[in-house]
Structure formats: C-alpha cells, structure tokens
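A.B. asks: Sequence below, structure please.
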Amino acid sequence: MANPIVRLLFFLLSTAAVIRPSASQSSPASGKPMNETACNGIFLTYQFQGRKKIHPIVPNPADQAYAFGADVTLLNSGTSDLNAWTLLIGFSNREIIVSVSNAVLTDGSALPFYSDPKTPVSFSGYPNTDLKTPIATAGDLSRIQTSVSIVGTQFGVPDPGVPLPSILTLSDPAWSCPIGYIASSNTSFSTCCVPNLDPNTNSTSVNNSNSNGGNFLPRRPGDLSIIYDVIQSYPSNYLAMVTIENNSPLGRLDNWRLSWEWMRGEFIYSIKGAYSSITSASDCILGTQGQFYQQLDFSKVVNCQKKPTILDLPLSMFNNVNVGQFPFCCRNGTILPKTMDPSQSASAFQLEVYKMPPDLNRTVLLPPQNWKIVGGMLNPDYVCGPPLRVVPSMFPDPSGLQTISSAIATWQVVCNISKPKDSKSKCCVSFSAFYNDSVVPCKTCACGCPASRLPRTCNASAPALLLPPDGLLVPFDNRTAKALAWAEIKHLSVPNPMPCGDFCGVSINWHINADYRKGWTAKVTLFNWDDASFANWFMAVELPEAYDGFEAMYSFNGTGIGNNTIFMQGLPGLNYLMGEVDGAEPASDPRVPGKQQSVISFTKSKTPGIDVLAGEGYPTRLFFNGEECSLPELIPTGGAFGVRVSGITMVLILAATVIALLGQ
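C.D. replies: Have a look, this model is predicted:
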C-alpha cells in the first residue's frame, strides 16, 4: 500500500492542477506545408529580411544585440472580408520594435516598444485597415493585400541561427489560424487563417454586412467608448465631434486628459467644448503645413502638435460663445458611471481638422491613432484600442423636424480598465469588529513606498502592526507610539525597523458593528488624507456571502447593482469628501482627515447560515471612485485573526507541509 502522505501529496498536486488559472497558449507543432495558392482564407507570412551585429559588443552571446528587419504580409484569398485586422506576433528574443510601417501597435504604445516573450505583440492596420475579397475586387492586390515592415533590435541567437516568431495569428476570434510552418529556407513563417463556423447557424461567423446595408463593424462593448464622428467634410479640412462615454458601472474619470497621434500631418485649427493643453502654431509654421497653407492665418490655429492633449472646460466656460455652449461639455473633466448619474456619463467636444497632401479629397478621412485617456489620482487606468470604422452615428436634425441626420464617417475607440503590471493601489482598506479590540490596518506600502536614495528607516516588507481603534484617526506617520503601546499590551512582536506606512491618500475602514439572531450591521468610514477634496464620490463593495441580505444604508445612498456588489454614494448635500486639514493646535495636534461614515444593515433571512464572526461579513473587493483598493490579508474573527488566502495559495501551503513531513 502506498504511503498515506504520498497519496495526500498526489491529491493536493492534482487539485492544484484543476484550480490553476487557464492559459490559452498552444505548443509549437509541425504544420502541413502550404503556399498562398492553396490557401482559401487569410494567408499570413513573416519574412525575415536579415540582421547585423550592433554595438555594444559583449562576450555573452545571449546578450549580444542585433538590428533586424522583417516583413509581414497579409493576403486575403478567401470569400470573407477581413475588417479592422489585428495581427499577433510572438517574439522570443527580447525584440525591441523600433519602427513599423502600414500598422500601429494596437494598444497605442509608443516606439521603441519592448516586447515580452510571454505576451504576443499586437499590430493593427493603418491606413489600410480592411482587406477585401479577390471576388469583390477582381483580384486587385492593393485592396486584398498589405505588407507590414518591422525594424527593431533583438538579442542572442548567434549566426547562423535565424530568429523567427513563435506565434503568427489573427486576434479576431472569428478567424482560426493553425500553427504555421517554417519554409525550407528557414527565413519565413506562414499560416493560413480561415473563418470559424458558427455552431448555431452552421455558417461562418464573419459577417460583412449590417442593418444599414453598409460594410461596417458593429460597435463593440467596453468600459469606455470614444466615438470620432466626421460631421462635415471638405477637400482640405473636416469637422469632427469626439464623444467619450462611460459604460462601466464602476468606472469614473476626473479631470480627464485625452491624447492621440496624428499620422498624416493633420493639425487642429479650432476646437469647441474643450481646449488644448498647449496652444501653439510653431510646429505648423516651421513645418510642411506652413509651406503648403501659405495663405492660412496660423495665429488662429489651436494646436500643431503631432500628439496633442485635450482637456475638458470648467463649468464656468459653458456659456462662452466662442468655446462653450456645446452639449456634454464643460464639467471640468468629470465623467460619472451611469449607475450614479446617466446625464453626466459622457463628455463631448468638436474639432476643425486640416489635412495635408496627398489626402486633399473630401472622401479621404483617416482618424488619428494611438489614443490614450487618463483621469485623476484616484481613477482607474485605461488601455485603448485602435479606432475601428463602425456604423455612422445618427443625430437629431438641428432644424427641429422629425428626422435624423447621419455622420459622414464614424470610428470607435474602445478603452478598458487595466491594472498595469506591478502597479500599486491608490486607496486601502482596514478591518475591525466589535468582537475584537484590535484593528487590522492597511497593508504596509499598500499604495507604494516613496523612492528614496537614503537608506530606508522603515521595513517595506514587514506586516503592518495591529492598532487600537483610535489609531485610525491619526495619519500613519503619527501612529508609531500607538502601535508600539498596543503591541506591548497585546504581547505582539515588533519588527526592527518598524513597518512602513500605507502611503494611501484615501483609506476606508470596514467595521462589523453588531451581530444578532435576525441580522447584523456594519459601519463603513471614509478617510481622506490628501489636501484635495472629492466631489460626487462613490464606493462599491463586493460581498459574496452577504449581498442577498443587504437591507438599508442610513447616511449614504446604497443600491444593490448585481454581481454581489453594493454601490454607495453620498446623499444630496453629503456627497463631498473634504480633504485633510490642520488640527486644533497645528503645532502639536496631528492633521485631521476628511471623514464620512454610514451604518449598513443586513438581514439573515435571505442568507441563512452566514457566519459573521468567521469573517463572512467582510468585502472581498472594494472600489473608491473606480479604483480598486488594497485589502488586508488578515480578517478579525471571534477572539483571533483569520488569514484570507486563495485556493492556490492554500494548496501550495499544504503541499509544502507534506513535503516537509516526507523529509522527516
């Protein structure tokens, strides 16, 4: 009979295999040779053009840099259009993309771009975003084929090795691209992508039409949608309207800053409903624009930057006849979620854009690329995709008649909330309970520890010390004495040096207030340790075990919005979270944070079996103004503290324990 400990270890490792995160990666395999003549779909080819060794010359071959060039060709040989194509290339040799022609990086990243071997690089077509079929174009290569030239730097793979990508595929799930093959020359990599079949209709999932009869893509969902509408077009210029719409129930922007990149020499002549961060025509006057438009009055030009930054106007400018009086403008850059106020969930402004040769035709309309949008210090981060041509927007006719007018052309940019790698939170949470007299504060360096050239005098990795309840009322810089006194009373060990603070501008305390037979209550308190105040703040908490029992909120407006999430905001007149101010005696008293507080009641009739004392009354996620806050790892329980860990972490802990037992 097998050792019971060995059987237990096998069970734990099997469990870990079941619950580990899934990954949509395929292992390399030999593909069946195919040429473009035999491909009845989208034929992709990566052709390595060559490389040369560049300085610095280093002794380690793996760290030697080479300049390389490659061409990627997309050829439509099938019966379905490829609209808004996006190509994924998996580089494996720390490639740095220096320049790209006929394409842009999908996420708008700036060049040079440092690739990650674990993540394929995504390229989107520009200016040729669509590939028509040979049937619809009589085989016109200019409309069914495009070639992307890539120049960059790579490391390792000494001669005579040829570094080819590990992945070459389309990102559109409507297309299936089998693992490609390497040609006999060892310098090219090819695959043939074909449309997927829709299992419900037994037809291809690529749809080339819409209800309007035009060849446009449907509008795509996303946390934030930016619509670029061309509403008037002339040979040398056009009028565009930009609309930013918030579609996330928990997303928010304050003081938004929108930027993009002009790819063909365009410049902004005038703007209404917003303003440019820099007003200057020098780039035009000294550039090709000034040479071409010699009769144009450049003193009225708003911006000639290749990458302009646009900001919303303040409320005081709404009635300005020159730049204001535009719908959805002039809110100081605040865009709220629809769950809070649908009337303030969008911003809009208007541009007059001048074009450059060879685009001097009213039908040549190309949107800017590489869109980026950022908000205030406590807003989520967004990553934006490329502009996609979609069904033209419809507007009420300005004459007042019961008719609608259509935009000449419309593009959509979809931006989604993203958590950058190794990023820190901007707010944090502490836990406390009536049945435990210690407070679990925010984690050490929850919002990052400030960089310093001097030796750090606090420990950035030690867990935060438990606090007495009144310890939350003073800034973390002033909590040392209280934490040390509490540790001595509770006989807790104290690391040397002491743990660093959380360095968060906003902290939230979740306190289990009472627990009785038919229900229980919690108290939530917001602390603002920054000088800046927050108008129209909101908060959202996920309570998987307690959500169904939510009854009422007494000082805030609380609403269950599904997905185990309660949405909270201040009541009218109480929706302004003040900033930190000096104490009564500034010379001796610590600064006082802005604070708001409310009690929440829950019933147990809809959540039978809930164990509040075991920690099931604490949120698993908490958001403030769209930013996800850092949660403590400890949970106060009846008489002690529990540790909140993931299933994978628990399995690894148990596996380590078993291995230790085997070694005895």
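
A.B. asks: so where do the strands sit in the stretch 401-550 of the chain?
C.D. replies: With DSSP state E, counting those that start in this stretch, the ranges of strands along the stretch 401-550 of the chain come out as 404-406, 409-418, 427-433, 436-440, 506-515, 519-528, 534-535, 538-542, 550-553.

A.B. asks: which of those is buried the deepest?
C.D. replies: strand 427-433 (a mean of 26; mean count of other CB atoms under 10 Å). For glycine as for every other residue, the C-beta is placed from the backbone atoms N, C-alpha and C.

A.B. asks: which strands and helices sit next to that strand?
C.D. replies: If you count contacts as 3 or more CB pairs under 8 Å, 6 or more residues apart in numbering; DSSP states H and E, strand 427-433 packs onto strand 436-440, strand 506-515, strand 634-637.

A.B. asks: quick one on the thing from earlier: out of the strands of the stretch 401-550 of the chain, which is closest to E633?
C.D. replies: With CB to CB as the criterion, E633 lies closest to strand 436-440 of the strands of the stretch 401-550 of the chain, at 8.4 Å.

A.B. asks: Show me the contact partners of that closest one.
C.D. replies: 430-432, 464, 466-469, 471-472, 486, 490, 509, 632, 634-641 (CB atoms under 8 Å, 6 or more residues apart in numbering).

A.B. asks: Now restrict the residues you listed to buried residues only.
C.D. replies: Taking 16 or more other CB atoms under 10 Å as the criterion, what is buried in those is 430-432, 464, 466-468, 471-472, 486, 509, 632, 634-637, 641.

A.B. asks: low pLDDT regions in the stretch 401-550 of the chain?
C.D. replies: Residue ranges of the stretch 401-550 of the chain with pLDDT under 70: 452-455.

A.B. asks: one more time with 90, if that's ok
C.D. replies: Counting by pLDDT under 90, the ranges of the stretch 401-550 of the chain that qualify are 401-405, 419-424, 449-461, 474-481, 496-497, 531-532.

A.B. asks: Nearest to L577, out of the strands of the stretch 401-550 of the chain?
C.D. replies: Each of those has some distance to L577 by CB to CB; the shortest is strand 534-535, at 4.2 Å.

A.B. asks: Direction included, what does that closest one pair up with?
C.D. replies: The partner list of strand 534-535 in its sheet, established with DSSP bridges, is strand 576-577 (antiparallel).

A.B. asks: Next, report how far the strand it pairs with is displaced from the centre of its chain.
C.D. replies: 26 Å (CA atoms, centre = their mean, to the nearest Å).

A.B. asks: re earlier: mind putting the helices and strands packed on strand 427-433 in CSV, distance to D130 included?
C.D. replies: As requested, these are exported to CSV (distance: least, CB to CB, whole Å):
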stretch, distance to D130
strand 436-440, 55
strand 506-515, 46
strand 634-637, 53
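
A.B. asks: thinking again about what came up before, for my notes, please list the strands of the stretch 401-550 of the chain in CSV and give distance to P358 for each entry.
C.D. replies: Compiled in CSV, the strands of the stretch 401-550 of the chain are given as follows (distance: least, CB to CB, whole Å):
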stretch, distance to P358
strand 404-406, 27
strand 409-418, 18
strand 427-433, 51
strand 436-440, 65
strand 506-515, 52
strand 519-528, 54
strand 534-535, 48
strand 538-542, 49
strand 550-553, 61
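
A.B. asks: Of those, which is nearest K300?
C.D. replies: Nearest to K300 among the strands of the stretch 401-550 of the chain is strand 409-418 (25.6 Å), distances taken as CB to CB.

A.B. asks: CA-only coordinates of that closest one in CSV, if you can.
C.D. replies: The C-alpha coordinates for strand 409-418 follow below in CSV (Å, rounded to 0.1, in the frame of the first residue of the first chain):
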residue,chain,number,x,y,z
ALA,A,409,-18.0,58.6,-41.1
THR,A,410,-17.7,57.2,-37.6
TRP,A,411,-14.9,55.4,-35.8
GLN,A,412,-15.0,53.9,-32.3
VAL,A,413,-12.1,53.6,-29.8
VAL,A,414,-12.7,51.1,-27.0
CYS,A,415,-10.9,51.6,-23.8
ASN,A,416,-10.9,49.1,-20.9
ILE,A,417,-9.9,49.4,-17.3
SER,A,418,-6.5,47.8,-16.8
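
A.B. asks: Against which helices or strands is that strand packed?
C.D. replies: strand 224-233, strand 369-374, strand 381-384, strand 388-390.

A.B. asks: let's see 7 Å
C.D. replies: The helices and strands touching strand 409-418, judged by 3 or more CB pairs under 7 Å, 6 or more residues apart in numbering; DSSP states H and E, are strand 224-233, strand 381-384, strand 388-390.

A.B. asks: Save these as CSV, and put in mean pLDDT and distance to G505 too.
C.D. replies: CSV is the format used below for the helices and strands packed on strand 409-418 (pLDDT from 0 to 100; distance: least, CB to CB, whole Å):
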stretch, mean pLDDT, distance to G505
strand 224-233, 97, 23
strand 381-384, 94, 16
strand 388-390, 94, 36
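
A.B. asks: Let me have those strands in CSV, extended by distance to S149 and mean neighbour count.
C.D. replies: Listed next are the helices and strands packed on strand 409-418 as CSV, based on distance: least, CB to CB, whole Å; neighbours: other CB atoms under 10 Å:
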stretch, distance to S149, mean neighbour count
strand 224-233, 27, 20
strand 381-384, 24, 21
strand 388-390, 23, 21
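
A.B. asks: Ok, which of those comes nearest S101?
C.D. replies: Among the helices and strands packed on strand 409-418, strand 388-390 comes nearest to S101, with 20.4 Å by CB to CB.

A.B. asks: Now do the very next helix or strand once past the closest one: everything it contacts.
C.D. replies: The first helix or strand that comes after strand 388-390 along the chain, using DSSP states H and E, is strand 394-396. Residues outside strand 394-396 that contact it (CB atoms under 7 Å, 6 or more residues apart in numbering) are 404-406.

A.B. asks: same thing with stretch 553-564?
C.D. replies: Residues from elsewhere that reach stretch 553-564 (CB under 7 Å, 6+ apart): 249, 339, 542-544, 547, 550, 566-571, 574, 597-600.

A.B. asks: try it again with 6 Å
C.D. replies: Here stretch 553-564 makes contact (CB atoms under 6 Å, 6 or more residues apart in numbering) with 249, 339, 542-544, 547, 550, 566-569, 571, 598-600.

A.B. asks: One more: stretch 626-637?
C.D. replies: Here stretch 626-637 has contacts from 250-252, 378-380, 425-429, 431, 433, 436, 440, 443, 446, 614-615, 618, 622, 641-642, 644, using CB under 6 Å, 6+ apart.
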